[in-house]
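Trainee: everything below, folded, please.
(2 chains)
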Number of protein chains: 2
Amino acid sequence: MFAAGSETPMTYCVGLLLNDGMVLLSDTRTNAGLDNIATYRKTFVFEAPGERVVTILTAGSLSVTQTMVARLREAIEDPEATPDTSIMLAPTMLQVAEMVGAELASVRHDIDGKMNAAKVSTSASLILAGQRAGGAMRLFLIYPEGNFIEATEDTPFLQIGEHKYGKPILDRVVRPETSLEDAQKAVLLSMDSTLRSNLSVGMPLDMTVIVRDECRVGSRRRIEAGDTDFVRMSEAWSLALREAFTRIEI
Amino acid sequence: MFAAGSETPMTYCVGLLLNDGMVLLSDTRTNAGLDNIATYRKTFVFEAPGERVVTILTAGSLSVTQTMVARLREAIEDPEATPDTSIMLAPTMLQVAEMVGAELASVRHDIDGKMNAAKVSTSASLILAGQRAGGAMRLFLIYPEGNFIEATEDTPFLQIGEHKYGKPILDRVVRPETSLEDAQKAVLLSMDSTLRSNLSVGMPLDMTVIVRDECRVGSRRRIEAGDTDFVRMSEAWSLALREAFTRIEI
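Mentor: Numbering: from 1, shown residues only, chains lettered A, B, ... in the order given. Model (predicted):
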């Protein structure tokens, strides 16, 4: 588990790399000051089903991440796209990570140029999850400068944004052999702890599940505020924690 | 729950203000770089049993907090001490908080003067817990600038240092009516989550319990690395969490 983003976190995103697949969860709260709060999708899927799936979760400056995603999409849709310009054609996921990192750094550089006087943070970090037919599933955390690290068996999850509140539960239950169902439960409970502690992380949530070797998004689910399943799970977890607490002897 | 300290946290301290008393826990890890780690007590008790008890937990620059504690102690021991100079004579706990805050800011200012060229952080924050005979128990968080906030019924706990990993458990189980025994369990589990996630927070731990209206330290306990009770509790909690996780339905 590694995390990035020295900016005040207004986001929580988490990605799990498991034997059975990858599970990704993001919130949608974005703001420009506490009096200007909005909902923006932070999960972006690029997909050629069966051939390649690339999913990007974003934390940080909305102007940076939106522009970056728009440029990646433009490069993919360019009729003259090549393996050097399009993340859907790049030969390996490592090269996809390098391209996305370079695009992030480039957009940041462009926007920083306009922001000199304003001292506004244009920092952003990303989680990148992907697989191409014939390749391995890979999960990266891309730092604001464009460099990145990769999830491994020892560290099967990566977080960006407000990562600390939700880390203890992941530390305790997530292993490479965790099932996709348990993994979804784990990221939702991790998000639940974060939502309780940081008002700037907010519903709705976007959950993405990618099954190993399918090279497509297996399921996408938007969880709205008040979602009865999520509320029930959140309450059951609170109750279970309090009961466990009562049983522990000092 | 509020927290202070923008410096890289190398500490976790927590204080609880409950109907039955106050419970305080600190770690002891101090460092000057990862290759220079030492153990220093971060809990300081000033006591005139039955008359007044004042306990200070410290996070941040060791040179600041040590000097501050030494100056407070010197002022107490001064034969010409007055209610304006000694925290053991000040008429109210609010005035104690103001004196400690002013001393913290003053020491910081002095040391900053020597540090100009070095760009070393001299930031520190404190938890202050106290009661005088005839007064109320009060629990304060003192910021590096010397200003402070106070725990209330709505926010019965205060944290300094690496506070986020250990907050979810406190949010869920600590209420003003929590017993002193459960409170000790809660702060130990909160510390346990922090120890697992941040290597720069370390054993041994110092636990202090102050029973309401006794105006003395009811119990002090140092918990060493490998303490069998603590290890057993930590393992039981991990097991309980994993069992609770298994039982929750998504």
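
Trainee: doesn't A:Glu74 belong to a helix?
Mentor: Yes - counting by DSSP: H, G, I helix; E, B strand; the rest coil, A:Glu74 is located in a helix.

Trainee: measure how buried it is and give me the count.
Mentor: By other C-beta atoms under 10 Å in any protein chain shown, 12 other residues sit near A:Glu74. All C-beta atoms are positioned from the backbone trio N, CA, C, and that covers glycine.

Trainee: contacting residues for A:Glu243?
Mentor: Contact partners of A:Glu243, counting by C-beta atoms under 8 Å, 6 or more residues apart in numbering or on different chains, are B:Ala244.

Trainee: ok, residues contacting stretch A:178-193?
Mentor: A:12, A:14, A:16, A:18, A:20-21, A:23-25, A:27, A:156, A:165-170, A:173-174, A:201, A:205, A:207, A:209, A:211, A:223, A:230, A:233-234, A:237, B:168, B:245, B:248, B:250.

Trainee: what's the ChimeraX line that selects buried ones from those?
Mentor: The ChimeraX command for the buried members of these (criterion: 16 or more other C-beta atoms under 10 Å in any protein chain shown) is given here:
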select /A:12,14,16,18,20,21,23,24,25,27,156,165,166,167,168,169,170,173,174,201,205,207,209,211,223,230,233,234,237 /B:168,245,248
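
Trainee: tell me which of the contacts of stretch A:178-193 fall in helices.
Mentor: Assigned to helices by DSSP state H, the following of the contacts of stretch A:178-193 qualify: A:167-170, A:173, A:230, A:233-234, A:237, B:168, B:245.

Trainee: quick one: name the residues of chain A near chain B.
Mentor: A:164-165, A:167-169, A:171-173, A:181-182, A:184-186, A:188-189, A:193, A:196-197, A:229, A:233, A:236-238, A:240-245, A:247-250 (C-beta under 8 Å from any C-beta of the partner chain).

Trainee: and stretch A:191-205, what's buried?
Mentor: By neighbour count on 16+ other C-beta under 10 Å, the buried set for stretch A:191-205 is A:191-198, A:200-205.

Trainee: pull the most distant pair out of the residues you listed.
Mentor: A:Ser197 and A:Pro204 (18.3 Å; C-beta to C-beta).

Trainee: OK, contacts around the residue nearest the centre of chain A?
Mentor: Taking C-alpha atoms, centre = their mean, the centroid of chain A lies closest to A:Leu57, which sits 3.5 Å from it. Residues near A:Leu57 by C-beta under 8 Å, 6+ apart: A:13, A:15, A:24, A:26, A:42-44, A:126-127, A:129, A:160.

Trainee: and for A:Leu62?
Mentor: Contact analysis of A:Leu62 by C-beta under 8 Å, 6+ apart lists A:30, A:40.

Trainee: quick check: pLDDT value at it.
Mentor: In this model, A:Leu62 is scored at 87, pLDDT.

Trainee: tell me how far the closest residue to A:Ile87 other than its chain neighbours lies from chain B.
Mentor: Nearest residue to A:Ile87, sequence neighbours excluded (C-beta to C-beta, 6 or more residues apart in numbering or on different chains): A:Val96, at 4.7 Å. When distance is defined by C-beta to the nearest C-beta, to the nearest Å, A:Val96 is 30 Å away from chain B.
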